[in-house]
Structure formats: structure tokens, C-alpha cells
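**Student:** Kindly generate the corresponding structure for this input.
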Amino acid sequence: QVQLVESGGGLAQPGDSLRLSCAASGHTDNIYTVGWFRHIKGRDREFLAAITWESGKPSYVVGVKDRFIVSRDTTKNTAYLQMNDLKPEDTATYLCAVAESGSDDFGSWGQGTQVTVSS
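**Tutor:** Presented below is the predicted three-dimensional model:
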């Protein structure tokens, strides 16, 4: 299994940028896709973006495509979510997850990192 730890969250003002990190350990050779999600209180968890580990091919939901950039550094076993032009509605707990080779599901999850956007 893969263990994940997110970091990089915090308090930001509208218009600011933050870069979240998702550090993977364990069976990292099995990573196929890393996904980024967020959970806003009172709402269902929302998928934001994903990146194929080997090729680096990204995918995004339409709502964040112009502001968020997903990337990975396989030498550091770390994925990133660059978030630009933050808005108060981006306030949420951000989580990363891994789908391993041969699986269609995100089976390993981190604990999340809180992002609060407020003036």
C-alpha cells in the first residue's frame, strides 16, 4: 500500500497562491494515478485534478482548470497542486489519493491539509 502525507495548506488572502504537496511512501512503484480532492464542510468530497504518475499527463475538472495546476516529481515521490488566484470558496480540506496499477479506485488517501482563504 501507499502512504500519503499532504502539506502546504494554511491561511491565504483572496488572489494569493499556494502549492500543496502530497508525499508518497511505501509501495510507490505501484502508483498509477495521483488525484487531488477537496472537502468543503457540508458538501460531498469534490474531485479536482489528477496526474498519471509515469507520463505526467494531467486532467482537471472544468471549474479549476484555469487556476490549478497538478504536477509530480517522481524522484521525490511527490505530487503537487499549484493553486492560483485563490477565492474564499476554495476554503476546504484538500486531500490527495492514489490509484495503484491495476485498480480503478483511489485506494490510498492522505489525511488532508486545510486551506482557508479569507481577507
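
**Student:** And the strands in this structure, which stretches?
**Tutor:** 2-7, 10-12, 18-26, 31-39, 46-52, 58-60, 68-73, 78-83, 92-100, 108-109, 113-117 (DSSP state E).

**Student:** bridging residues for the residue nearest the centre of the chain?
**Tutor:** Most central in the chain under Cα atoms, centre = their mean is Trp36, positioned 2.9 Å from the mean C-alpha point. Beta-bridge pairing of Trp36, defined through DSSP bridges, involves Ala49, Cys96.

**Student:** strands paired with the helix or strand of the chain with the lowest mean pLDDT, and their directions?
**Tutor:** For the chain, counting by mean pLDDT, DSSP states H and E, strand 58-60 ranks last in confidence among helices and strands (a mean of 94). Using DSSP bridges, the strands paired with strand 58-60 are strand 46-52 (antiparallel).

**Student:** What distance do you get for the closest residue to Leu11 other than its chain neighbours to Cys96?
**Tutor:** Ranked by Cβ to Cβ, 6 or more residues apart in numbering and with sequence neighbours excluded, the top spatial neighbour of Leu11 is Thr116, at 5.0 Å. Bear in mind the C-beta positions are built from the backbone N, C-alpha and C, glycine included. Distance, Thr116 to Cys96, by Cβ to Cβ, to the nearest Å: 18 Å.

**Student:** Fine by me, thanks again.
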